[in-house]
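Colleague: 3D model of this:
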Amino acid sequence: MLDFPDLDELAGNRHALRSQRTRDLLLEGMYRLALEKDFREITIQELLDRTGVARSTFYAHFRDKEDLLVAGYEKIGIPHTRVCEVSGDSRVVLDISSWLFTATERHAELTTSFFSSPSQGIILAHLENILIIQVREHYRKQGLYDSNGLHGEVAVRCFVGALIGLWLWWVRHDYPSSANEMTEAFDSLMNNGTWPAAD
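Modeller: Numbering: from 1, shown residues only. Sure, this is the predicted structure:
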């Protein structure tokens, strides 16, 4: 007996592909506009004119242009974990510094444009929020985060604050070292990405 593909599944796959192409087209359009002007000056209408996407289609995918910006961070993917030796113990670490520095190096022109514009505060707030969520969730999975106490949130905020501080210095000084060098320096200082050290 022949095994025919499920027509509903095929239609769903086509819809998902079309939807992803539209999202990618809008992201690409926003990135191109961000190289020309400040993020706050980019209008939805300008983005629609540039991409040829209908207004109703835009709002079917995104609430506003900040929602589109967050989708750009999500497009990079999520940081991976790895197992490494820390002070003689095997630990699962979140490769978030590598994720951030490598993605930035790949998109250096866009990052420089974003962070030399008056809108850098908006963009930085979204990045910080994404990093906090990722680190907090990792700490929870590793038993390093107590939601009833202050210690876990302090650990998350200190780690993310240090990472963003170093990253901003790197971006604002026109990438004086490679992404790998920055990752290695940060991870060795911050106990291989597992700060704070286990008791």
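Colleague: looking at this protein, which helix or strand is least sure?
Modeller: Ranked by mean pLDDT, DSSP states H and E, the weakest helix or strand in the chain is strand 81-86, scoring a mean of 79.
Colleague: neighbouring strands for that strand, and are they parallel or not?
Modeller: Strand 81-86 has the following strand partners under DSSP bridges: strand 89-94 (antiparallel).
Colleague: Might you calculate how far the least confident helix or strand of the chain sits from the centre of the chain?
Modeller: Between the centre of strand 81-86 and the centre of its host chain there is 22 Å, according to CA atoms, centre = their mean, to the nearest Å.
Colleague: And stretch 175-194, by the same measure?
Modeller: In terms of CA atoms, centre = their mean, the centre of stretch 175-194 is set 17 Å apart from its chain centre.
Colleague: same question, stretch 115-122
Modeller: Distance, stretch centre to chain centre, for stretch 115-122: 16 Å (CA atoms, centre = their mean).
Colleague: same check, this time on stretch 31-38
Modeller: Averaging C-alpha positions (CA atoms, centre = their mean) puts stretch 31-38 19 Å from its chain's average.
Colleague: give the contact list for H138.
Modeller: 81, 94, 96 (CB atoms under 8 Å, 6 or more residues apart in numbering). To be clear about C-beta, it is placed using only N, CA and C from the backbone, and glycine gets the same treatment.
Colleague: Include neighbour count and distance to L35 when you put those into a markdown table, please.
Modeller: Below are the contacts of H138 laid out as a markdown table (neighbours: other CB atoms under 10 Å; distance: CB to CB, whole Å):
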| residue | neighbour count | distance to L35 |
| --- | --- | --- |
| T81 | 16 | 33 |
| L94 | 22 | 31 |
| I96 | 24 | 26 |
